[in-house]
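>>> Compute the structure for the input listed below.
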Amino acid sequence: QVQLVESGGGLVQAGGSLRLSCAASGDTMCIDDMGWYRQAPGEERELVAQITRGGDTYYADSVEGRFTLSRDNAKNTVYLQMNSLKPEDTAVYYCNADQFGLKAMCATETYWGQGTQVTVSS
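Below is the predicted model of the structure:
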């Protein structure tokens, strides 16, 4: 089992910055990709950014160039640096960890954090 604990959400004015952190604990050796999703009121949850264990990243078009996702494998932590925030970035942000079951003794699993609110005022 893996537990994900998020921190760093809050209220910021448009154009400002926030940094989200997500620390994984438990059976972390089986984790492959980690990332962040977000869900605004009345909307579906969407992928924001994802990073492989090797450091390859993917960003949604809406955040490309403004958000940066990094990963510290020694600390089992990912960081989402969010710059030039816009009101449309307002959402609950969820940390995600995926296990693809490719390593011995590792099952296929998906884990979620409890979510952290990000509110961007205009």
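
>>> rest of the way, CA atoms for contacts and neighbours
Fine.

>>> Just the CA trace of stretch 21-28, in CSV.
Coordinates of each C-alpha in stretch 21-28 appear next as CSV, following Å, rounded to 0.1, in the frame of the first residue of the first chain:
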residue,chain,number,x,y,z
SER,A,21,4.2,18.9,-2.8
CYS,A,22,3.2,15.3,-2.6
ALA,A,23,5.0,12.8,-0.4
ALA,A,24,4.6,9.1,-0.9
SER,A,25,5.1,6.6,1.9
GLY,A,26,4.6,2.9,2.3
ASP,A,27,5.5,0.4,-0.4
THR,A,28,7.0,3.2,-2.7
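
>>> which outside residues touch that stretch?
With C-alpha atoms under 8 Å, 6 or more residues apart in numbering as the contact definition, stretch 21-28 has outside contacts at 1-8, 75-80, 95.

>>> Now with 6 Å, please.
Q1, V2, Q3, L4, V5, E6, S7, N76, T77, V78, Y79 (C-alpha atoms under 6 Å, 6 or more residues apart in numbering).

>>> residue contacts, the fifth one?
This means V5. V5 sits next to C22, A23, G113 when contact means C-alpha under 6 Å, 6+ apart.

>>> From these, list the buried ones, please.
Neighbour counting by 16 or more other C-alpha atoms under 10 Å classes C22, A23, G113 among the contacts of V5 as buried.

>>> how close does the nearest residue to the first one once chain neighbours are set aside get to T52?
Of all residues not flanking C22 in the chain, E6 sits nearest, at 4.3 Å (C-alpha to C-alpha, 6 or more residues apart in numbering). Distance of E6 to T52, computed by C-alpha to C-alpha, to the nearest Å: 18 Å.
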